[in-house]
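1. Structure, please.
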Amino acid sequence: MFINMIGIDYTHCDIETREIFSLTQSKCIEACKTIFDNENCDGCIIISTCNRTEIWVDGCKNNLIDLFLQFKNLDKETYNKYFIQRTENEAINYLFSLTSGMESQIFGEDQILTQVKNAVLLSRENKTINSNLEVLFRKAITCAKSIKTKVKLSHNDNSIPQKAISILKDDYNLNENSTCLVIGNGEMGVLTSSILTKLHCKTFMTVRQYKYHQVNIPEGVTPIPYDDRVEYLQKSDFIFSATASPHYTINITQLENINSNKRIFIDMAVPRDIDPLISNIPNQTILNMDSLGICTTNLKESYNAKLAYKIIDKYIFEFYHWFEFKTNNIKD
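-> Residues are numbered from 1 along each chain as shown. Model (predicted):
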């Protein structure tokens with residue numbers, strides 16, 4: 001076993017840099033297969049979220065940073081400085097902490113657990129995972145679930161949408177009289193819409209026509225066709241966008257013929273959904289996770305965090321015990 005990971009995340013680079021390394025699902029599959037097939041590694045998993053892109057491998061001692069930069073056609077001298085690399089014990093300890101939400105901007109947030117599970121599922125479906133990574137990630141996921149049932153790591157704002165909406169209420173006058181448009185009906189979009197309706201905001205959420213019967217639409221949310229988003233933009237005070245689209249969901253040309261009412265755009269996607277040029281238009285403000293200052297990592301030293309780390313130690317021990325048992329049986 002040789003567990004090795006490289007990654008870029010919000011602690012080392014801004015959103016403009018993170019979006020350069022963001023991968024769509026199809027690109028995750030392509031990168032995984034490229035590394036797995038051509039670099040003589042035993043297993044590969046890629047985690048790509050709005051805050052991080054990480055490549056996890058077992059049995060590959062080649063320079064992963066060089067491999068990834070080559071895959072992305074990027075210059076080593078320019079981008080090498082943004083990467084973090086961890087191996088063996090350090091990587092394993094970090095994975096358990098990451099999956100439990102303890103490395104997230106919102107300390108203890110829940111979404112990273114789903115994102116890690118989806119990354120494992122993608123690698124499993126595409127046959128780029130081996131037994132070491134399978135058991136390692138399964139133990140990390142089980143550990144995260146245990147922590148969430150036994151330890152309260154965060155208070156009310158335990159997700160990016162919750163924290164963002166809390167800040168908007170305090171600083172940007174988001175209230176029950178606000179009209180909100182949510183572009184995107186994935187996990188982030190549905191969660192955002194659900195929180196807004198609980199605040200009694202008038203909330204619209206875009207749904208592509210072919211997904212109408214597949215989307216879980218929160219109670220009180222009005223679904224609208226994705227293609228009608230610009231029309232509803234005209235009547236909205238706050239526009240949230242959280243999609244996996246490689247293109248802008250709202251670009252500057254779409255605002256040329258609409259009214260000049262004051263609007264706040266909240267871009268929760270990487271790569272970004274909202275054209276940055278829109279901020280040059282009077283009364284139009286763009287906020288993202290970085291500009292909102294969403295970060296609660298100071299809770300790492302809290303009493304509850306220490307309880308969580310004890311649970312992590314238990315599951316890490318279980319993983320090493322499993323690996324030792326496996327290794328001894330192979331020798332026998």
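
2. mind checking how far the residue nearest the centre of the chain is from N132?
-> Computing the C-alpha centroid of the chain and ranking residues by CA atoms, centre = their mean puts T49 first, at 2.9 Å. Note on T49: its distance to N132, by CB to CB, to the nearest Å, is 23 Å. Any C-beta I mention is one placed from the backbone N, CA and C, and that applies to glycine too.

3. Repeat that for S236.
-> Looking at S236 against N132, where the rule is CB to CB, the gap reads 49 Å.

4. next one: R52
-> According to CB to CB, R52 stands 22 Å off from N132.

5. what about those two, which has more around it?
-> Regarding R52 and N132, a neighbour count based on other CB atoms under 10 Å identifies R52 as having more, with 24 against 19.

6. Where does pLDDT dip in the stretch 201-332 of the chain?
-> Scanning the stretch 201-332 of the chain with the threshold set as pLDDT under 70 gives 210-213, 294-299, 301, 330-332.

7. got a list of what E88 touches?
-> If a contact means CB atoms under 8 Å, 6 or more residues apart in numbering, then E88 has F2, I3, N4 as its contacts.

8. For the last one, grab phi and psi.
-> Put plainly, it is N4. Taking degrees, to the nearest 10, you get phi -140, psi 140 for the backbone angles of N4.

9. Is it correct that it is in contact with E90?
-> No - under the criterion of CB atoms under 8 Å, N4 makes no contact with E90, lying 10.1 Å away.

10. the strands in the stretch 51-200 of the chain, which residues?
-> Residue ranges of the strands in the stretch 51-200 of the chain, as given by DSSP state E, counting those that start in this stretch, are 52-58, 84-87, 179-183.

11. Which among those is found nearest to L191?
-> Across these, L191 has its closest neighbour in strand 179-183 (9.6 Å, CB to CB).

12. Report the buried residues of the closest one.
-> C180, L181, V182, I183 (16 or more other CB atoms under 10 Å).

13. One more: stretch 121-132?
-> By neighbour count, with 16+ other CB under 10 Å as the criterion, the buried positions of stretch 121-132 are L122, S123, T128, I129, N130, N132.

14. And the helices in the stretch 51-200 of the chain, which stretches?
-> When secondary structure is read from DSSP state H, counting those that start in this stretch, the stretch 51-200 of the chain shows helices at 64-71, 76-79, 88-99, 111-125, 131-150, 160-171, 187-198.

15. Does anything pack onto the shortest one? Which helices or strands?
-> Using 3 or more CB pairs under 8 Å, 6 or more residues apart in numbering; DSSP states H and E, the elements in contact with helix 76-79 are helix 64-71.

16. coming back round to it: out of the strands of the stretch 51-200 of the chain, nearest to L113?
-> That would be, of these and by CB to CB, strand 52-58, which comes in at 13.9 Å.

17. gap between the closest one and the chain center?
-> Relative to its chain's centre, strand 52-58 lies at 14 Å (CA atoms, centre = their mean, to the nearest Å).

18. so that strand versus helix 88-99, what angle?
-> Counting by axes from the mean of the first three to the mean of the last three CA atoms, to 10 degrees, strand 52-58 lies at 140 degrees to helix 88-99.

19. how about I266, secondary structure?
-> Using DSSP: H, G, I helix; E, B strand; the rest coil, the secondary structure recorded for I266 is strand.

20. count of neighbours near it?
-> By other CB under 10 Å, 28 other residues sit near I266.

21. Grab the nearest non-local neighbour of it.
-> The shortest distance from I266 to any non-neighbouring residue, by CB to CB, 6 or more residues apart in numbering, is to F240 (4.7 Å).

22. which residues does the one you found form a beta bridge with?
-> In this structure, F240 has the following beta-bridge partners (DSSP bridges): V182, I266.
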